[in-house]
Structures are given as structure tokens and as C-alpha cells.
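Participant: Provided below for reference: sequence and predicted model.
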Amino acid sequence: MIYAPYVPSDRKINWLIEPYIENKIVYDLGAGEGILACNMVNTAKSVVAVEIDKDKASICRSKGLETITANFMSVDLTPADVLYVYQGYIGANHLANKLQIEEWKGTVICNSYPLADILKKPKEYSEMISYKGTPNINLFIYHYKRKKIK
Ligand SMILES: C[S@@+](CC[C@H](N)C(=O)[O-])C[C@H]1O[C@@H](n2cnc3c(N)ncnc32)[C@H](O)[C@@H]1O
């Protein structure tokens with residue numbers, strides 16, 4: 001299922017997300033032409049572009065990005081420390097269900113659309129970054145941590 005058309009994230013997001021991706025394994029879920037993912041490479045430990053559109057995935061690959069051509073709903077996300085998602089309400093809702101079922105642990109950065117539960121109620125986020133400008137940017141950040149075993 002295609003959740004969102006290709007609209008690249010605003011370039012300011014590069015520096016807004018830097019502290020969250022530093023030395024982390026990052027998956028850009030729906031990487032488009034890989035513009036943001038290529039910038040993430042400078043800060044992250046590694047970056048994986050996941051893209052459903054074959055042509056866009058080829059563009060990512062031609063830029064040297066590790067690329068998975070697939071619906072992110074069918075991808076094993078366990079290697080990732082951080083997920084970046086800019087997919088609209090339904091995409092964020094479906095991803096939230098997948099993460100819950102798979103008990104995924106790590107940080108999720110949602111551009112514009114928060115994760116939501118099965119009743120479409122937005123999930124409580126850990127942090128929110130708001131940038132007032134042109135355009136306004138809202139990033140919803142979720143930290144799903146492993147419970148400490150005593
Ligand atoms: C809004 S763009 C985001 C592009 C990039 N992540 C960025 O922030 O600049 C959404 C991208 O997700 C892709 N996409 C939509 N549904 C998808 C799915 N189910 N699995 C993987 N990619 C998907 C679209 O083809 C499009 O390139």
C-alpha cells in the first residue's frame with residue numbers, strides 16, 4: 001500500500017534530527033529519492049532507505065544508499081535504532097500497529113503525523129520538536145526502550 005506521495009522533507013529537518021541519529025542505525029521508511037537519507041549518512045552510523053517505488057529506490061541505490069525496495073510494513077525493522085517516517089495518518093497508524101505487535105524498541109521520528117493507535121487516537125509522544133517558520137515543522141519523537149531486567 002502506498003501511504004504518501006513523494007514530497008521531500010524540508011532541509012531544516014537535517015539539523016533538527018541530528019542529535020537523535022548520531023551514531024545510530026537509521027531506517028528512512030519511504031525514502032523517496034534519498035535526499036534526506038543521503039544527508040543522514042553524515043551523522044548516522046548507517047542509513048537504510050526503504051522505498052516502495054522501484055524507480056525512486058533505484059535513485060537511492062544510484063546515490064550509494066543501502067536500499068530495500070519494499071513496503072515498509074513487510075520489512076524487518078529489528079536492526080534499526082531509529083526510524084524516520086513521513087507517511088501521513090494512515091501510514092503512521094499502520095506503522096504503530098506493526099511496532100506494537102513486533103514489540104520494536106528504539107526511537108521513532110514522525111514528521112507531521114503522529115503515531116496513532118488502532119482507534120486512530122494519537123499515541124503519547126516522548127518529545128515534540130516544533131519549528132516555527134516557512135514551513136512550520138512538527139516532529140513527534142517516541143522512545144521505545146527495552147525494560148531493564150532486575
Ligand atoms: C512524503 S515522501 C518522504 C520522502 C523522504 N522520506 C523525505 O522525508 O524526504 C513519502 C515516500 O514514501 C514512499 N512510500 C509510500 N508508501 C510506502 C510504503 N508502504 N513503503 C515504502 N515506501 C512508501 C513514497 O513512494 C514516497 O517516496
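Facilitator: Cool, got the structure.
Participant: the closest residue to the ligand within the chain - how many residues pack around it?
Facilitator: At 2.3 Å from the ligand, residue 30 is the closest residue in the chain, using C-beta to the nearest ligand atom. All C-beta spots, glycine's among them, are computed from the backbone N, C-alpha and C. By other C-beta atoms under 10 Å, the residues close to residue 30 number 24.
Participant: the closest residue in space to it that isn't next to it in sequence and residue 134: what is the separation?
Facilitator: Spatially, and ignoring its direct neighbours in sequence, residue 30 is nearest to residue 87 (5.5 Å; C-beta to C-beta, 6 or more residues apart in numbering). Plainly put, residue 87 is 23 Å away from residue 134 if you go by C-beta to C-beta, to the nearest Å.
Participant: near the ligand, anything from the longest strand anywhere in the chain?
Facilitator: Across the chain, the strand with the greatest residue count (assigned by DSSP state E) is strand 137-144. No. For strand 137-144, no contact with the ligand is found by C-beta under 6 Å from any ligand atom; the gap never falls below 11.1 Å.
Participant: partner strands of that strand, parallel or antiparallel?
Facilitator: Paired neighbours of strand 137-144 in the sheet (DSSP bridges): strand 106-111 (antiparallel), strand 127-131 (antiparallel).
Participant: need the ones you listed in CSV (columns: mean neighbour count).
Facilitator: Below are these laid out as CSV (neighbours: other C-beta atoms under 10 Å):
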stretch, mean neighbour count
strand 106-111, 23
strand 127-131, 12
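Participant: sorry, back to before: of residue 87 and residue 134, who's got more company?
Facilitator: Per other C-beta under 10 Å, whichever of residue 87 and residue 134 has more neighbours is residue 87, with 20 against 8.
Participant: tell me the gap between the longest helix along the chain and the middle of its chain.
Facilitator: If you go by DSSP state H, the chain has its longest helix at helix 88-101. Computed by C-alpha atoms, centre = their mean, to the nearest Å, the chain-centroid distance of helix 88-101 equals 11 Å.
Participant: and stretch 58-67, by the same measure?
Facilitator: Distance, centroid of stretch 58-67 to centroid of chain: 17 Å (C-alpha atoms, centre = their mean).
Participant: and the average pLDDT for that stretch is what?
Facilitator: In this model, stretch 58-67 has an average pLDDT of 98.
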